[in-house]
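Engineer: here is a sequence together with a model predicted from it:
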Amino acid sequence: MSRFRFQLIAIASLFTLFSCATKKITTTPQPPTPPQTTVQQQKAPKNIIMMIADGTGLTQISSTQFYHSEPSNYERFKYIGLIKTSSASDLITDSAAGATSFASGIKTYNGAIGVNTDTIATPTILEELSERGYATGVIATSTITHATPASFYAHVKLRRMEEEIAEALTNSSVDFFAGGGLKFFNKRSDKKDLLAQLKKNNFEVNTTFLNTDMFMRQDKKYGFLLADGGMPKKIDGRGSFLYDATALGLSYLQEDKDGFFLMVEGSQIDWGGHANDADYLIGEMIDFDKVLGKVLDFAKRDKNTLVIVTADHETGGFTLASDDGNYNKIKPSFSTGGHSATMVPVFAYGPGAEEFSGIYENTEIYKKIKALLKL
């Protein structure tokens with residue numbers, strides 16, 4: 001083969017390759033993939049009910065299946081996620097930093113109530129919704145000034161400042177509250193009478209009982225302070241306080257045409273864990289589960305209410321172990337008198353509930369609520 005002929009063949013081969021490459025490049029593009037559904041495209045709920053079972057991990061929830069005479073209401077959820085709970089200061093969070101993450105969408109230090117790591121106040125979801133016309137409420141079986149409820153309406157650098165937190169509640173945008181903590185309002189070191197101040201700020205306050213049949217005017221606010229400190233334990237005769245307070249709060253708040261935000265805390269599940277007292281813990285869990293059923297029934301009828309159920313952290317390293325190797329007998333046990341670092345479940349029901357599936361930081365709960373409400 002002559003050198004000239006070889007060169008022609010080489011040039012022809014290169015031309016063929018170039019033509020093929022060009023043809024591949026100029027092929028008609030495929031139609032774009034349809035966009036994924038985003039939070040902004042979901043139907044926005046009218047009402048938000050956030051239920052916090054303080055100190056509750058998966059084992060505490062499991063106890064409602066074994067020790068409750070009725071099916072656990074946790075089983076009614078379709079959408080379930082997991083949250084990481086570490087705070088800005090510690091791998092293991094406390095309730096103050098954990099609740100501030102839910103309320104304000106930030107990581108802060110253990111002990112902080114509604115402030116960031118520089119002790120600067122951060123807006124809470126309750127405050128932001130109140131500014132937009134929502135009715136708001138907080139309910140707890142602890143003092144109403146305790147870390148979790150306080151994180152939704154107060155801004156102080158340390159959780160133990162319950163007298164300052166009580167004063168913040170007195171002047172807050174909360175419309176309905178129920179819990180213990182009366183002494184922080186009427187037996188204060190500064191001698192102030194915050195009960196009188198509450199009445200001046202349009203609250204009707206009851207310090208003796210909760211009447212579920214009471215007539216509640218929409219032009220008034222309502223507060224119930226039914227114990228000097230925390231409410232009694234469920235196993236010591238607290239009765240149906242948490243259920244009744246939640247029912248009364250829903251009855252009152254749902255009359256607001258713009259919607260409502262309600263936070264309900266089963267506070268003493270955590271206290272049972274700290275005490276390593278299984279009977280105490282399980283009694284509080286079953287009480288919370290009954291209230292959960294009430295809330296889910298309301299949301300099912302309403303069809304416009306998002307229910308979010310979670311915990312700030314797990315307490316006690318609670319375990320449902322076999323009793324001396326007997327796999328048909330459970331012996332509750334604990335690994336610590338404090339909190340643990342385990343992830344905590346999130347359950348969601350109602351418009352936008354699917355957004356709460358997956359694994360994410362606890363701060364995302366605040367952000368997901370705001371995105372759903374298009375704030």
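Structural biologist: Done, it's in. As the structure is a computational prediction, the values presented were derived from the model and not from experiment.

Engineer: which SS class is residue 205?
Structural biologist: In terms of secondary structure, residue 205 is strand; the call rests on DSSP: H, G, I helix; E, B strand; the rest coil.

Engineer: okay, now the unreliable bits of the stretch 201-350 of the chain?
Structural biologist: With pLDDT under 70 as the threshold, the stretch 201-350 of the chain has no low-confidence stretch at all.

Engineer: mind listing the strands for it?
Structural biologist: Here the stretch 201-350 of the chain has its strands, by DSSP state E, counting those that start in this stretch, at 203-206, 221-225, 260-265, 305-310, 314-315, 319-323, 326-333, 339-340, 344-349.

Engineer: tilt between the longest one and strand 319-323?
Structural biologist: For strand 326-333 against strand 319-323, the angle by axes from the mean of the first three to the mean of the last three C-alpha atoms, to 10 degrees is 140 degrees.

Engineer: got the CA positions of strand 326-333 in CSV?
Structural biologist: Extracted in CSV, the C-alpha atoms of strand 326-333 (Å, rounded to 0.1, in the frame of the first residue of the first chain):
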residue,chain,number,x,y,z
ASN,A,326,-37.1,-15.8,80.3
TYR,A,327,-38.0,-14.5,76.8
ASN,A,328,-41.7,-14.5,77.7
LYS,A,329,-41.3,-12.2,80.7
ILE,A,330,-40.1,-8.5,80.5
LYS,A,331,-38.1,-6.8,83.2
PRO,A,332,-37.8,-3.0,82.6
SER,A,333,-34.3,-1.8,83.4
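
Engineer: and it, what does it pack against?
Structural biologist: helix 278-302, strand 319-323 (3 or more C-beta pairs under 8 Å, 6 or more residues apart in numbering; DSSP states H and E). C-beta coordinates here come from the backbone N, C-alpha and C atoms, glycine included.

Engineer: who's in contact with stretch 331-341?
Structural biologist: Contact partners of stretch 331-341, identified using C-beta atoms under 8 Å, 6 or more residues apart in numbering, comprise 55, 57, 63, 85-86, 91-94, 273-276, 278, 281-282, 313-324.

Engineer: that stretch: end-to-end distance?
Structural biologist: Taking C-alpha to C-alpha, to the nearest Å, the span from the opening residue of stretch 331-341 to its closing residue is 22 Å.

Engineer: buried residues of that stretch, list them for me.
Structural biologist: Within stretch 331-341, the residues that count as buried by 16 or more other C-beta atoms under 10 Å are 332, 334, 339-340.

Engineer: let me have those in CSV, extended by distance to residue 227.
Structural biologist: Written out in CSV, the entries for those read as follows (distance: C-beta to C-beta, whole Å):
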residue, distance to residue 227
332, 27
334, 26
339, 24
340, 28
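
Engineer: out of those, which is nearest to residue 159?
Structural biologist: When the buried residues of stretch 331-341 are compared for distance to residue 159 (C-beta to C-beta), residue 339 wins out at 13.9 Å.

Engineer: for residue 318, see how far away that closest one is.
Structural biologist: As defined by C-beta to C-beta, to the nearest Å, residue 339 lies at a distance of 11 Å from residue 318.

Engineer: how about stretch 347-359: buried residues?
Structural biologist: Going through stretch 347-359 with 16+ other C-beta under 10 Å, the ones that come out buried are 347-353, 355-356.

Engineer: end to end, how far does stretch 178-198 reach?
Structural biologist: The first and final residues of stretch 178-198 sit 13 Å from each other (C-alpha to C-alpha).

Engineer: one step back: most neighbours per residue, which of the helices and strands packed on strand 326-333?
Structural biologist: helix 278-302 (a mean of 20; mean count of other C-beta atoms under 10 Å).

Engineer: report the distance from that helix to the chain centre.
Structural biologist: For helix 278-302, the distance between its averaged C-alpha position and the chain's averaged C-alpha position is 14 Å (C-alpha atoms, centre = their mean, to the nearest Å).

Engineer: let me see the ranges of the helices in the stretch 1-150 of the chain.
Structural biologist: The residue ranges that make up the helices of the stretch 1-150 of the chain, judged by DSSP state H, counting those that start in this stretch, are 3-25, 58-67, 95-104, 125-131, 147-150.

Engineer: least confident of these, on average?
Structural biologist: Among these, helix 3-25 carries the lowest mean pLDDT, a mean of 38.

Engineer: nearest to residue 140 among the buried residues of stretch 331-341?
Structural biologist: The shortest separation between residue 140 and any of the buried residues of stretch 331-341 is 18.1 Å, and it belongs to residue 339 (by C-beta to C-beta).

Engineer: what residues are bridge-paired with that closest one?
Structural biologist: With DSSP bridges as the criterion, the beta-bridge partners of residue 339 are residue 315.

Engineer: tell me how far it lies from residue 81.
Structural biologist: Computed as C-beta to C-beta, the residue 339 to residue 81 distance reads 20 Å.

Engineer: could you do residue 330 as well?
Structural biologist: Residue 330 sits 27 Å away from residue 81 when distances are taken as C-beta to C-beta.

Engineer: these two: which is more packed in?
Structural biologist: When residue 330 is set against residue 81 and neighbours are counted by other C-beta atoms under 10 Å, the residue ahead is residue 81, at 22 against 17.

Engineer: next, the contact list for that one, please.
Structural biologist: If a contact means C-beta under 8 Å, 6+ apart, then residue 81 has 345-346, 348, 356-360 as its contacts.
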